[in-house]
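Visitor: Coordinates only, no sequence provided:
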Ligand SMILES: Nc1ncnc2c1ncn2[C@@H]1O[C@H](COP(=O)(O)OP(=O)(O)OP(=O)(O)O)[C@@H](O)[C@H]1O
């Protein structure tokens with residue numbers, strides 16, 4: 001089996017070892033999946049995503065993205081993914097377009113490809129009219145959409161999003177979900193965290209559930225129903241799992 005994302009024995013503590021945020025986590029994702037990462041508040045989702053994207057170093061363990069060891073070859077591995085963080089704090093003095101060009105410069109995206117990729121995304125998220133305005137004047141949702149577009153300028157193999165639907169209006173949220181599906185249909189991989197279980201149930205091809213830093217389930221919705229021997233909604237099964 002070929003995996004595009006592989007986390008091996010990842011552990012992470014905060015506060016000089018007092019808080020065990022991620023506890024010996026193992027996770028693999030094959031290409032072409034839409035992987036939904038679920039778990040209660042404080043379960044370790046953001047910490048795992050920050051480790052997966054090289055923002056935080058794990059105490060122990062290995063991260064492999066597209067076959068590249070993130071800890072040994074960070075720059076090479078970081079080219080493989082686009083990342084949408086759970087905060088939308090971006091340079092307030094830059095215009096939206098300056099920010100997108102800055103990101104495209106970092107990833108060395110040629111002008112021709114920028115011209116191909118950026119305008120359709122601006123149109124999709126209705127940002128064309130604001131693209132020359134300073135980011136400081138944007139609403140939370142507009143910043144979020146700009147970050148989504150920025151994460152795709154280099155057309156990465158892996159798209160990692162932390163709580164991406166928060167603050168998006170219904171149309172933008174719909175467009176984002178469609179974009180995720182189109183992306184996976186091209187054989188690429190989407191990994192995102194969410195608390196919106198209806199979205200996860202409809203959109204994800206694989207689910208991962210984390211509780212107190214441990215992965216307590218990975219598989220399809222069907223696998224979850226089989227494991228629990230119950231034909232219930234994801235919401236009901238999820239609550240049963242995390243309460244037990
Ligand atoms: N910088 C930090 N310093 C100390 N503890 C932290 C820090 N960041 C996270 N934690 C703790 O680590 C644990 C995991 O947090 P994390 O943010 O990864 O969870 P999460 O699943 O993303 O939660 P949420 O759904 O609320 O966003 C929690 O107990 C949290 O309080």
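Guide: Sure thing, it's come through. All values derive from a computational prediction rather than experimental measurement.
Visitor: can you give me the strands in the chain?
Guide: With strands called from DSSP state E, the chain shows them at 5-14, 19-29, 34-38, 60-65, 68-69, 81-84, 158-162, 189-193, 206-211, 214-219.
Visitor: As a markdown table, those strands with distance to the ligand would be great.
Guide: In this view, the C-beta of every residue, glycine as well, is placed from N, C-alpha and C. Below are these laid out as a markdown table (distance: least, C-beta to the nearest ligand atom, whole Å):
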| stretch | distance to the ligand |
| --- | --- |
| strand 5-14 | 3 |
| strand 19-29 | 3 |
| strand 34-38 | 9 |
| strand 60-65 | 15 |
| strand 68-69 | 23 |
| strand 81-84 | 14 |
| strand 158-162 | 8 |
| strand 189-193 | 7 |
| strand 206-211 | 7 |
| strand 214-219 | 12 |
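Visitor: Same list (those strands) but as JSON lines, adding mean pLDDT.
Guide: As requested, those are arranged in JSON lines below (pLDDT from 0 to 100):
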{"stretch": "strand 5-14", "mean pLDDT": "97"}
{"stretch": "strand 19-29", "mean pLDDT": "96"}
{"stretch": "strand 34-38", "mean pLDDT": "97"}
{"stretch": "strand 60-65", "mean pLDDT": "97"}
{"stretch": "strand 68-69", "mean pLDDT": "96"}
{"stretch": "strand 81-84", "mean pLDDT": "97"}
{"stretch": "strand 158-162", "mean pLDDT": "97"}
{"stretch": "strand 189-193", "mean pLDDT": "97"}
{"stretch": "strand 206-211", "mean pLDDT": "96"}
{"stretch": "strand 214-219", "mean pLDDT": "94"}
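Visitor: Export those strands as CSV, with columns for mean neighbour count.
Guide: CSV is the format used below for the strands of the chain (neighbours: other C-beta atoms under 10 Å):
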stretch, mean neighbour count
strand 5-14, 18
strand 19-29, 19
strand 34-38, 25
strand 60-65, 19
strand 68-69, 15
strand 81-84, 23
strand 158-162, 23
strand 189-193, 25
strand 206-211, 22
strand 214-219, 17
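Visitor: contacts for the longest helix along the chain?
Guide: Of all the elements of type helix in the chain, the one with the most residues (DSSP state H) is helix 170-185. By C-beta atoms under 8 Å, 6 or more residues apart in numbering, the residues outside helix 170-185 that reach it are 32-34, 124-126, 141, 145, 148, 159, 164-165, 168, 190, 192, 199, 203, 205.
Visitor: Now, of those residues, which are buried?
Guide: The neighbour count (16 or more other C-beta atoms under 10 Å) marks 33-34, 124-125, 141, 145, 148, 159, 164-165, 168, 190, 192, 199, 203, 205 as buried among those.
Visitor: So which other helices or strands are in contact with the worst-scoring helix or strand of the chain on mean pLDDT?
Guide: Each helix and strand of the chain was given a mean pLDDT (mean pLDDT, DSSP states H and E); the minimum falls on helix 221-228 at a mean of 84. On a contact count with 3 or more C-beta pairs under 8 Å, 6 or more residues apart in numbering; DSSP states H and E, helix 221-228 meets strand 214-219, helix 234-243.
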